[in-house]
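Undergrad: sequence first, predicted coordinates after that:
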2 protein chains.
Amino acid sequence: MFKVPDHQVAGHQACDGMIGPLVDDSGHFYKPLQSDERGSAEVAFYTSFSSNNKIPNHIRRFFPIFHGTQLIEASDGSGLHPHLVLQDIVSSCLNPSIMDIKIGSRTWYPEASEEYIQKCFKKDRESTSLALGFRISGLQVHGSKESGIWKPDKKLIKNFTAKDVRLVLRKFVSSNACADSGMDPDCSFASTVYGGSAGILAQLLELKKWFEDQTIFHFYSCSVLLVYDKESVSKGRSSSAEVKLVDFAHVVEGKGIIDHNFLGGLCSFIKFISEI
Amino acid sequence: MFKVPDHQVAGHQACDGMIGPLVDDSGHFYKPLQSDERGSAEVAFYTSFSSNNKIPNHIRRFFPIFHGTQLIEASDGSGLHPHLVLQDIVSSCLNPSIMDIKIGSRTWYPEASEEYIQKCFKKDRESTSLALGFRISGLQVHGSKESGIWKPDKKLIKNFTAKDVRLVLRKFVSSNACADSGMDPDCSFASTVYGGSAGILAQLLELKKWFEDQTIFHFYSCSVLLVYDKESVSKGRSSSAEVKLVDFAHVVEGKGIIDHNFLGGLCSFIKFISEI
């Protein structure tokens, strides 16, 4: 019934006796609640977001559908554990190419503990977060039959420079993306995936417009997930490219101020995408 | 010939034997070069900016006109000292109301020394910079004849909270602004100064559009100066409200990346203004 997802690119994964998310056949994604305050913070966010009538419908579609929480058998065999029940974003894709981008030059919030701030501050400085306003946290790319799947190692991703990021954003929409190829990415899916009225760029611009105005939430350490299905895109169906926000364990109240940290990073990411 | 400006609201001031800027009768503002690398960095910025043909003309008007550097007698009587010769922004105003807003939640840049980073980091956390993406660095407001000039003390300004900032942005365009009045600001100049097609909000939005695209410079610790002349505004001439960027001692190369730190702060400031 429940199984470990095939297509997870970032976050805690179910392996080596570690607890991780599960999926089922009906399109649900079960994310184990973290036992510290992060678990309850994420439930609190989804609950508050679901019931907030100030969120326009065209913005809701950028968030996974929330089906509450449920006690299910944990992936590590440790017994019943509470899970968030969410929409499985990639369930309809045969060969999903996925990229997880953590937005914001700063992943910590002023009210956090000094220890947490210092930990995040170090990571932000060591990654591209500080310079670019975002960092790639995970990715997998389905290339051609010959090149197969490209899913770089977490350590490699951690050391991405600004130059690497530019290249990876091109590889993400190329049919010849693979690990050690010196080949120039062909960007053959760029116009279908990034471009067009329903493409990723258009969706990001819609999201940006909301962030210029909304003062309800501040999304620290939150990711934008880009997903498209190679099969659909090869057939020219651009509508399969999707933008979703995920990871809300560090969302705090906006208190009437816009989320300038997220917005700045999002604008920088949009600029990178628009240059492809 | 040279004299100490009447209307300086922030920065190093010529008093108590300290070196400070001077003005003359022909509309020039003489800013003494700081002797450390900040002085040469600011000259380098003005020189590079003046000669860069990628800066559109409608953006140039947001910067003071640069007339080179000149050796003149320093304000503290210490002899000849090199000065930046700039446009005196308030020379045409009889009763200028001025606000200096340092933009960006972060006033330091990654390449700075650890000591400098820590100093700025502390200031950003202690002021509204971190939370709001900007902080007020100085201001003077011309109210009615009865209320006179309101020019709060630097120490008071340093301790402004988010709530204070909201109030001050309203007082800035009120005829009844004064120090300890419990009166509600009347915002009688809001529509002329902030609003309208040539008002401050329209100018800020134009600047924002440029920042969404430009990757030439990153403006750390730079201020937006808002200036209007009470006399002109009372007569309904909105065109006298001006936005200028000032203080470029910490501008660094953009290296193909947008200035997401400045842009985020600017968007937050725009949101504050638009709510008045």
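TA: Thanks, I have the structure now. Numbering: from 1, shown residues only, chains lettered A, B, ... in the order given.

Undergrad: every contact and neighbour count from this point should use C-alpha atoms.
TA: Will do.

Undergrad: what's the offset of stretch A:126-139 from the middle of its chain?
TA: 13 Å (Cα atoms, centre = their mean, to the nearest Å).

Undergrad: now stretch A:99-119
TA: Taking Cα atoms, centre = their mean, the mean C-alpha location of stretch A:99-119 is offset from the chain mean by 16 Å.

Undergrad: and if you look at stretch A:228-236?
TA: 20 Å.

Undergrad: mean confidence for it?
TA: For stretch A:228-236, mean pLDDT is 80.

Undergrad: do stretch A:36-53 as well
TA: For stretch A:36-53, the mean pLDDT works out to 94.

Undergrad: host element of residue A:225?
TA: According to DSSP states H and E, residue A:225 maps onto strand A:223-229.

Undergrad: same check on residue A:270?
TA: Using DSSP H and E, residue A:270 falls in helix A:260-274.

Undergrad: now do that helix: which elements does it pack against?
TA: Helices and strands touching helix A:260-274, as assessed by 3 or more Cα pairs under 8 Å, 6 or more residues apart in numbering or on different chains; DSSP states H and E, comprise strand A:96-103, helix A:129-132, strand A:134-142, helix A:200-211, helix B:260-274.

Undergrad: tilt between the longest one and helix B:200-211?
TA: Think helix B:260-274. Angle between the axes of helix B:260-274 and helix B:200-211 is 160 degrees (criterion: axes from the mean of the first three to the mean of the last three Cα atoms, to 10 degrees).

Undergrad: spell out which parts of chain A neighbour chain B.
TA: Residues of chain A found near chain B (Cα under 8 Å from any Cα of the partner chain) are A:110, A:125, A:130-133, A:212-213, A:257-261, A:263-265, A:267-268, A:271.

Undergrad: switch the cut-off to 10 Å
TA: A:104-106, A:109-110, A:125, A:130-133, A:162, A:211-215, A:254-272 (Cα under 10 Å from any Cα of the partner chain).

Undergrad: just the buried ones from those residues?
TA: Buried positions within these, assessed by neighbour count (16 or more other Cα atoms under 10 Å in any protein chain shown), are A:104-106, A:109, A:130-133, A:162, A:211-215, A:257-272.

Undergrad: SS state for residue A:119?
TA: helix (DSSP: H, G, I helix; E, B strand; the rest coil).

Undergrad: any low-confidence regions in chain A?
TA: Scanning chain A for pLDDT under 70 picks out A:12-16, A:147, A:178-182, A:236-239.

Undergrad: for the residue nearest in space to the middle of it, which non-adjacent residue is spatially closest?
TA: By Cα atoms, centre = their mean, chain A has its centre lying nearest to residue A:225, at 2.9 Å. Nearest-residue entry for residue A:225: residue A:100, 4.6 Å, with adjacent residues in sequence omitted and distances by Cα to Cα, 6 or more residues apart in numbering or on different chains.

Undergrad: for chain A, what spans make up the helices?
TA: Using DSSP state H, the helices found in chain A span residues A:37-51, A:57-60, A:114-126, A:129-132, A:154-158, A:162-171, A:190-193, A:200-211, A:230-234, A:260-274.

Undergrad: distance between the ends of stretch A:78-97?
TA: Taking Cα to Cα, to the nearest Å, stretch A:78-97 runs 32 Å from one end to the other.

Undergrad: return the distance of it from the chain's centre.
TA: Distance of stretch A:78-97 from its chain centroid, counting by Cα atoms, centre = their mean, is 13 Å.

Undergrad: report the buried residues of that stretch.
TA: Buried residues in stretch A:78-97 (16+ other Cα under 10 Å): A:81-91, A:95-97.

Undergrad: same check on stretch A:32-44?
TA: For stretch A:32-44, using 16+ other Cα under 10 Å, the buried residues are A:32, A:33, A:34, A:38, A:39, A:41, A:42, A:43.

Undergrad: before we move on, back to that, list the strands paired with the strand holding residue A:225, with their directions.
TA: strand A:96-103 (antiparallel), strand A:242-246 (antiparallel) (DSSP bridges).

Undergrad: the residue nearest to residue A:272 when sequence neighbours are not counted and residue A:135: what is the separation?
TA: Nearest residue to residue A:272, sequence neighbours excluded (Cα to Cα, 6+ apart): residue A:166, at 7.1 Å. Separation of residue A:166 from residue A:135 (Cα to Cα): 11 Å.

Undergrad: more neighbours, the two?
TA: Set residue A:166 next to residue A:135 and count neighbours by other Cα atoms under 10 Å in any protein chain shown: residue A:135 wins out with 27 against 15.

Undergrad: in this structure that one contacts residue A:168, no?
TA: No. Using Cα atoms under 10 Å as the test, residue A:135 is too far from residue A:168 to be in contact (11.5 Å).

Undergrad: which residues are in contact with both of the two?
TA: Both residue A:135 and residue A:168 are in contact with A:157, A:160, A:162, where contact means Cα atoms under 10 Å, 6 or more residues apart in numbering or on different chains.

Undergrad: just checking, the last one touches residue B:257?
TA: Spelled out, that is residue A:162. Yes. When contacts are counted by Cα under 10 Å, residue A:162 is listed as touching residue B:257 (9.1 Å).

Undergrad: contact partners for residue A:126?
TA: Taking Cα under 10 Å, 6+ apart, one finds A:120, A:158, A:159, A:160, A:161 in contact with residue A:126.

Undergrad: give me the buried entries from the residues you listed.
TA: The buried subset of the contacts of residue A:126 (16+ other Cα under 10 Å) comprises A:120, A:158, A:160, A:161.

Undergrad: ok, these vs residue A:8, which is closest?
TA: Closest approach between the buried ones among the contacts of residue A:126 and residue A:8, by Cα to Cα: residue A:158, at 16.5 Å.

Undergrad: any idea how far the nearest residue to the closest one once chain neighbours are set aside lies from residue B:161?
TA: Closest residue in space to residue A:158, ignoring its immediate chain neighbours: residue A:127 at 6.6 Å, by Cα to Cα, 6+ apart. The spacing between residue A:127 and residue B:161, counted by Cα to Cα, is 32 Å.

Undergrad: what does residue A:26 give?
TA: Here residue A:26 is placed at a distance of 50 Å from residue B:161 (Cα to Cα).

Undergrad: please apply the same query to residue A:22.
TA: Counting by Cα to Cα, the gap from residue A:22 to residue B:161 is 45 Å.

Undergrad: ditto for residue A:97
TA: Taking Cα to Cα, one finds residue A:97 at 45 Å from residue B:161.

Undergrad: I'd guessed residue A:87 sits against residue A:66; true?
TA: Yes. Between residue A:87 and residue A:66 there is a contact under Cα under 10 Å: 6.6 Å.

Undergrad: name the residues contacting each of the two.
TA: Counting by Cα under 10 Å, 6+ apart, the contacts common to residue A:87 and residue A:66 are A:28, A:29.

Undergrad: where does the residue of chain A most remote from its centre fall, phi/psi-wise?
TA: Largest separation from the mean C-alpha position in chain A: residue A:79, at 28.3 Å (Cα atoms, centre = their mean). Backbone geometry at residue A:79, expressed as degrees, to the nearest 10, gives phi 110, psi -170.

Undergrad: nothing else from me, thank you.
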